[in-house]
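*Asks:* Pasting a predicted model and its sequence here:
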Amino acid sequence: MLMNDLFHQIGMILKESSDCTEYLLDSFPVPICDNIRIFNVKIAKSEDYRGYIASKKRYFYGVRVQLLTTKNGIPVEFVFMPGSASDVRGLNALPLNLPPGSEVYTDSAYTDYTAEDDLQQTSQIALKVMRKKNSKRKDEAWNQYIKQSIRHYIETVFSAITSAFPKSIHAVIYDGFLLKVEAFIFAFTLRKAFL
């Protein structure tokens, strides 16, 4: 809990001191074990932790980290979700303590029109979601290009965070596993923001 509180306090400082109002939101998977070892795992026993990585076309067993970063790639908020949790569910779990007038760029997995409208009305936060081809709210070509070019930077952040991970994160209990993942994210934030 101490590291979590410390990370969120530093995140608040970074959000308040930054003059940029553009943020990036996406999720990345952190496997607890390989699929073949699911029956032997002891720290998490639930089908909720079996998720799917669409970009790699493979399943994993672990957690999904919903990460909110500044436009420069500095993480300011995150939340852990089970591997099977959808990105919309992760969007609702994030506190999104952002200044009014902020813009959050996401991919099409975060398409939820009521959440977009609620964020705009209550917090004056614009959720800039990449639209699918069959979307009810279509974007002009220039708007889609801007969203696409800004949003891609978060994938670089994910690869930088996960490159510091060992081949497998050893933990005896579930909270220990989450603490280690949180420590990697926290270390990346400190290195990116202050060094």
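*Replies:* In hand now; what should we look at? This structure is a prediction, so every number in the text was calculated from the model and none was measured.
*Asks:* where along the chain do the helices fall?
*Replies:* Secondary structure of the chain, counting by DSSP state H: helices at 2-17, 87-93, 113-123, 141-151, 153-163, 174-194.
*Asks:* Kindly reformat those as JSON lines containing mean neighbour count and distance to V76.
*Replies:* All C-beta atoms are positioned from the backbone trio N, CA, C, and that covers glycine. Converted to JSON lines, these look like this (neighbours: other Cβ atoms under 10 Å; distance: least, Cβ to Cβ, whole Å):
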{"stretch": "helix 2-17", "mean neighbour count": "14", "distance to V76": "4"}
{"stretch": "helix 87-93", "mean neighbour count": "17", "distance to V76": "15"}
{"stretch": "helix 113-123", "mean neighbour count": "13", "distance to V76": "15"}
{"stretch": "helix 141-151", "mean neighbour count": "13", "distance to V76": "16"}
{"stretch": "helix 153-163", "mean neighbour count": "16", "distance to V76": "11"}
{"stretch": "helix 174-194", "mean neighbour count": "16", "distance to V76": "8"}
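*Asks:* between these, which one is nearest to G62?
*Replies:* G62 lies closest, by Cβ to Cβ, to one member of the helices of the chain: helix 174-194, at 8.4 Å.
*Asks:* quick revisit: so which of the helices of the chain gets nearest R58?
*Replies:* Distances from R58 to each of the helices of the chain were compared using Cβ to Cβ; the shortest belongs to helix 153-163, at 15.2 Å.
*Asks:* Dump the helix or strand of the chain with the lowest mean pLDDT to CSV, restricted to CA.
*Replies:* Taking mean pLDDT, DSSP states H and E as the measure, the helices and strands of the chain show their lowest mean at helix 141-151, namely a mean of 87. This file holds the C-alpha atoms of helix 141-151, laid out as CSV (Å, rounded to 0.1, in the frame of the first residue of the first chain):
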residue,chain,number,x,y,z
ALA,A,141,-9.8,11.6,-41.7
TRP,A,142,-7.7,14.4,-40.1
ASN,A,143,-9.0,13.6,-36.6
GLN,A,144,-8.3,9.9,-37.0
TYR,A,145,-4.8,10.6,-38.2
ILE,A,146,-4.1,12.8,-35.1
LYS,A,147,-5.4,10.2,-32.8
GLN,A,148,-3.4,7.5,-34.4
SER,A,149,-0.1,9.4,-34.4
ILE,A,150,-0.4,10.5,-30.8
ARG,A,151,-1.7,7.1,-29.4
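*Asks:* No further queries at this time; thank you.
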